[in-house]
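Student: From the sequence below, what's the structure:
(chains A, B and C)
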Amino acid sequence: MTQSFSNSLINWYKNNKRDLPWRNTTDPYKIWLSEIILQQTRVNQGLPYYNKFVSQYPKVLDLAKAPEDEVMRLWQGLGYYSRARNLHECAKSVVKDYNSEFPKAYNELLKLKGVGKYTAAAIASFAFEQAVPVVDGNVFRVLARYFDVSDDISQPKTFTKFFNIAKELIPDDYAASFNQAMMELGATICTPKKPDCENCPLSQECEARIHHKQSELPVKMKKIKIKNRYLYYLIWQHEEKLAMKKEVQKISGRAYLILI
DNA sequence: GACACGTGGGT
DNA sequence: TACCCAAGTGT
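Tutor: Okay, the predicted model is just below:
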């Protein structure tokens, strides 16, 4: 049962995977770079940034040596800017504390800034072929639908449940392919809206498809609420030129970027 | 454990 | 239009 799941999935992946640059390497630096960029970010949006970073900083040492302003500028437009700051800090830490080599152990990877459970598992499996399952939004969706698991995925404790299900399914000798395949299926077939069940290699046994519950799974209770905030800036303008100065001030314990 | 963090695409 | 997300993590 678990074997047919993995076999079908991995076989489908071999024949249908997209050709993406970070899939043609086992360099942990490039794997890490791609994973940070792809956090909460679509492939099409992150791809040009990945290429820029690899080109500008071929090795972790290059990134570690770069000025933070330069790294931030390269990241400009991608969003979630704390990722860029953590990226730089992580690179410096790998150089200083790990002799410029990424650690292999999952628990050691977890100590790196910006590397959480998902990214640590991704590096451990893609770069080092360890059988640690990745659990991201795609994996939640595929497993919730296939096994009809209706736990609320917005609750942190649910992560462990899905991690354990995936751990049962992941083959020791095809860990990287399995993890990649789970995410690829979620990204291209088992999508949030209108999943393409006709072309899904797992559709025959999928509980959600059998019971027509695709739109009800996975269950996510937490809703995103957007609050408006209004900030005021003073900008000096003389003819066509703007006068701006970057300063960082602490206001009630929080760092603000003040443009003067 | 709840919440903030960003931009861009889909319905 | 107004949501709903998308290869999560830090606080």
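
Student: Kindly export stretch A:118-129 (C-alpha atoms) in PDB.
Tutor: The C-alpha trace of stretch A:118-129 is given here as PDB (Å, rounded to 0.1, in the frame of the first residue of the first chain):
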ATOM      1  CA  TYR A 118      10.700  22.300   6.300                       C
ATOM      2  CA  THR A 119      14.000  23.800   5.000                       C
ATOM      3  CA  ALA A 120      16.100  21.500   7.200                       C
ATOM      4  CA  ALA A 121      14.400  18.500   5.800                       C
ATOM      5  CA  ALA A 122      14.700  19.800   2.300                       C
ATOM      6  CA  ILE A 123      18.500  20.200   2.600                       C
ATOM      7  CA  ALA A 124      19.000  16.900   4.400                       C
ATOM      8  CA  SER A 125      17.100  15.000   1.700                       C
ATOM      9  CA  PHE A 126      18.000  16.900  -1.500                       C
ATOM     10  CA  ALA A 127      21.700  17.400  -0.700                       C
ATOM     11  CA  PHE A 128      22.400  14.500   1.600                       C
ATOM     12  CA  GLU A 129      19.800  11.900   0.700                       C
END
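
Student: show me what contacts the residue nearest to A:Gln130 when sequence neighbours are not counted?
Tutor: Spatial nearest neighbour of A:Gln130, chain neighbours left out: A:Ala124 (4.2 Å); criterion: C-beta to C-beta, 6 or more residues apart in numbering. From N, CA and C alone the C-beta is placed, and that goes for glycine too. By C-beta atoms under 8 Å, 6 or more residues apart in numbering, the contact set of A:Ala124 is A:104-106, A:109, A:130, A:132.

Student: with those in mind, which one is nearest to DNA strand C?
Tutor: Using C-beta to the nearest atom of the strand, A:Leu109 comes nearest to DNA strand C of the contacts of A:Ala124, at 9.2 Å.

Student: Tell me where chain A has helices.
Tutor: Ranges of helices within chain A are A:2-16, A:28-38, A:43-56, A:60-65, A:68-75, A:82-97, A:106-109, A:117-126, A:137-146, A:156-169, A:175-188, A:207-210, based on DSSP state H.

Student: Turn those helices into CSV, columns for mean pLDDT.
Tutor: As requested, those are exported to CSV (pLDDT from 0 to 100):
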stretch, mean pLDDT
helix A:2-16, 93
helix A:28-38, 97
helix A:43-56, 96
helix A:60-65, 98
helix A:68-75, 96
helix A:82-97, 97
helix A:106-109, 97
helix A:117-126, 97
helix A:137-146, 96
helix A:156-169, 95
helix A:175-188, 96
helix A:207-210, 95
